[in-house]
Each structure stands twice: as structure tokens, then as C-alpha cells.
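In: My questions concern the predicted model and sequence given below.
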Amino acid sequence: MNEGEKIHVFIDTCTLEKFRFDLNSSHLRKVLDADEVVLHTTKLTMLELHERMNVIIREIRHLSAKVSRVVREDEWKEHHLVPDAYRKCCGFEHDGAGADLGKLIELYVGCRLPFKKSKKPQFRDALAMLSLHHWAATNKVFVLTVSEDGDWAGSPDFPWFKRVALADVISELHKMDVERRALDGDRVAEELERAESELLEALTAVTPGIREGFQVRVDLVSSVRVVVQNIRKAGCELIARASFVAQGSGDVFDAFEHEWDLSEPVSGLVEAIFTENYVLVEVRAIEWNVELPYDPARPRSGALSARKKFEE
């Protein structure tokens, strides 16, 4: 899928009932919380969901009475919370607009899905399907229909529907996540490789891992190459950890006032924060090191001046 593309999903009441209307079920939650999913429902589906919840509550009350458990009325007064919570997860709630009554009659007379031998119970499904399919056809968007019954099965009358299992939706989300992480990694690496001044500032704030008794002053980094190790999303920001190699320029000196020109590769690990549009916010060096040069040492210029002054 292309960057920013969404997948449109409809989940029928039978599927929700299979999960005992537990919206916190791990499989359902993956779909309900996914930014890449646009969830659709219909007013008829929501009505059916309310009715099924009422049936379950009556069954629980009946069972409680059989086992002589006292059931307080306030235990059940908020049973509407599940349908209300599910409605908030949905991006669209179709109200029947666009349902083709001529098509409805054609399906009914021809005994085509969702109509079977017993025709009357399928009128709700038919109206819901026609309404949702009208939206899909108008917007030229395929809708993945997650259904536990055969009414929403693939039919040539509904070409913009694709019946799938919930696991198929989760698999598609995983695939999109892998593709997005690869894209994020490429973009983050590109931006970090251009951020030479920000990287230099980050390096100067952290002591490099070199031999004891030596100090390094890096004045310039160039030809930066970055490999993103991992990347995660935190709110509207991307936080990346990456290793880098760059050409460093500066000076190395020791405790004995010896100095070397630094023109060696520097490498290390950084953590960078980006906006969701890949604008660099901050770079922090976690660790870095440099190969000490093998050039002949020379006295530091400051030491020469001090020694000359002392001799005079």
C-alpha cells in the first residue's frame, strides 16, 4: 500500500459476539486501535448489537437466579457502554442512505445473498450491505468485511466487498507496519546524514570512548553514513536509534602536551527525535569513539609559547 493509505473494515455483530463483545480482546484491539484502519458500521448493525447485549444480559440474569445469586439492577444499567465504545471506534456509521430499494427487491425475489430460504431475517443485513456498498462504490474504496455468517460472503452483487477473517486484517496491518518502518528508517537516515552540524553538537556534549589520558576536539564532521537500528513512534514523534560513521576533523592531545591533527573516521550511536513529517527535532549522542592517529606527535602550540616565555 502507498504511504498514508488506509484500509476500510466492517465487522459484523456475529464476529463481535464471538469475542463475547470484549473490545479489549487482543485481536480486536489491534484492529480498533490501528491508525491505518477506518472502521465502518451501520445503524442497523448498532441496533443489532444493542439487542444482542440485551439478550446476553437476560441470559446472565436467568443463570444468576438459578444459582441463587442476588443480582443488583445497577450491575446491568450500563450495558450500553459496549455499543457506545464501539461506535466511538468507528469512522463511519452508515444510516441507510443510498440503499437501492430496486436492488433490494431484486435480491429478495432472486433469493440471492443475503437472502436464503428464510428471507425475512435477512432484510436488516440486506439494507446494511446496500448502504455500505453504495458508499464503497461511490468512493471507489474496497471494504474488508469481517463476518462469521454467510450473509456477507463474496457475491458478484457486491464487488466492492472482500470478505476476510480478522486474522487477515491483522496480517495486513503487520505488513503495512513493516513497510512503514522501512520507509521511516530510510527517511530518518537521509535526514541524519544531512544533519552534520547537529551531529557535531551532539558529539561535543559526550566524552568519546578513547584511551585514558587523551582528549579529542572535533571541529567538523562530514560524509556521514547512518544505519537505523530501531525506530518507534511516541505520540506525534518518531524516536530513532542509529549507528553512524563520519569523517572527523580536529585535534587530539594528551597529558604530556603532545598534539596530533585529527583526520580520522568517528563512529558511534545516537538517538534522534523527529516529527512525523521527518523534521529533525533533537540529536543526542549515546556513545562515540575515534581511532587515534599514528602521525608523529608534536608539542602543542600553547605549550611551545609557555615554554618560550619561561626560557626568556
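Out: Received, thanks.
In: From the chain's centroid, how far away is the host helix or strand of residue 145?
Out: Per DSSP states H and E: residue 145 is located in strand 143-146. Put simply, strand 143-146 sits 20 Å off its chain's centre (Cα atoms, centre = their mean, to the nearest Å).
In: Show me what counts as buried in the helix or strand just after that strand.
Out: Moving toward the C-terminus from strand 143-146, the next helix or strand (DSSP H and E) is strand 161-164. Neighbour counts over strand 161-164 (16 or more other Cβ atoms under 10 Å) mark 161, 163-164 as buried. For glycine as for every other residue, the C-beta is placed from the backbone atoms N, C-alpha and C.
In: next structured bit after the lengthiest helix in the chain?
Out: Ordering each helix of the chain by length in residues (DSSP state H) puts helix 166-194 first. Following helix 166-194 in sequence order, the next helix or strand is helix 196-204 (DSSP H and E).
In: quick revisit: quick one: the longest helix of the chain to chain centroid distance?
Out: For helix 166-194, the distance to the chain centre is 8 Å (Cα atoms, centre = their mean).
In: okay, the angle between it and helix 196-204?
Out: For helix 166-194 against helix 196-204, the angle between stretch directions is 90 degrees (axes from the mean of the first three to the mean of the last three Cα atoms, to 10 degrees).
In: tell me which strands and helices helix 166-194 is in contact with?
Out: Helix 166-194 sits against strand 7-11, helix 26-32, strand 143-146, strand 214-234, strand 237-254, strand 258-275, strand 280-290, with contacts defined as 3 or more Cβ pairs under 8 Å, 6 or more residues apart in numbering; DSSP states H and E.
In: before we move on, the earlier item: just the CA coordinates of the strand holding residue 145, formatted as CSV?
Out: Extracted in CSV, the C-alpha atoms of strand 143-146 (Å, rounded to 0.1, in the frame of the first residue of the first chain):
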residue,chain,number,x,y,z
VAL,A,143,-14.2,-2.6,2.2
LEU,A,144,-12.9,-5.7,4.0
THR,A,145,-15.9,-7.3,5.6
VAL,A,146,-15.2,-9.4,8.7
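In: quick one, domains of this protein?
Out: The record's domain parsing of the chain by automatic domain parsing lists 7-164, 179-311.
In: Give the buried residues for stretch 261-275.
Out: With burial defined by 16+ other Cβ under 10 Å, the residues of stretch 261-275 counted as buried are 262, 264, 266-268, 270, 272, 274.
In: thinking again about what came up before, and of the domains of the chain, who's closest to residue 171?
Out: domain 7-164 (9.2 Å; Cβ to Cβ).
In: any idea how far the closest one is from the chain center?
Out: 26 Å.
In: Between the two ends of that domain, how far is it?
Out: Chord length of domain 7-164, first to last residue, is 12 Å (Cα to Cα, to the nearest Å).
In: which residues of the chain score low on pLDDT?
Out: The model of the chain has pLDDT under 70 over residues 1-4, 60-80, 100-102, 104-105, 107-121, 149-154, 293-312.
In: So in that sheet, which strands flank the strand holding residue 145, and in what orientation?
Out: Taking DSSP bridges as the criterion, strand 143-146 forms sheet pairs with strand 7-11 (parallel), strand 161-164 (parallel).
In: of these, which approaches residue 141 most closely?
Out: Nearest of the strands paired with strand 143-146 to residue 141, taken as Cβ to Cβ: strand 7-11 at 5.4 Å.
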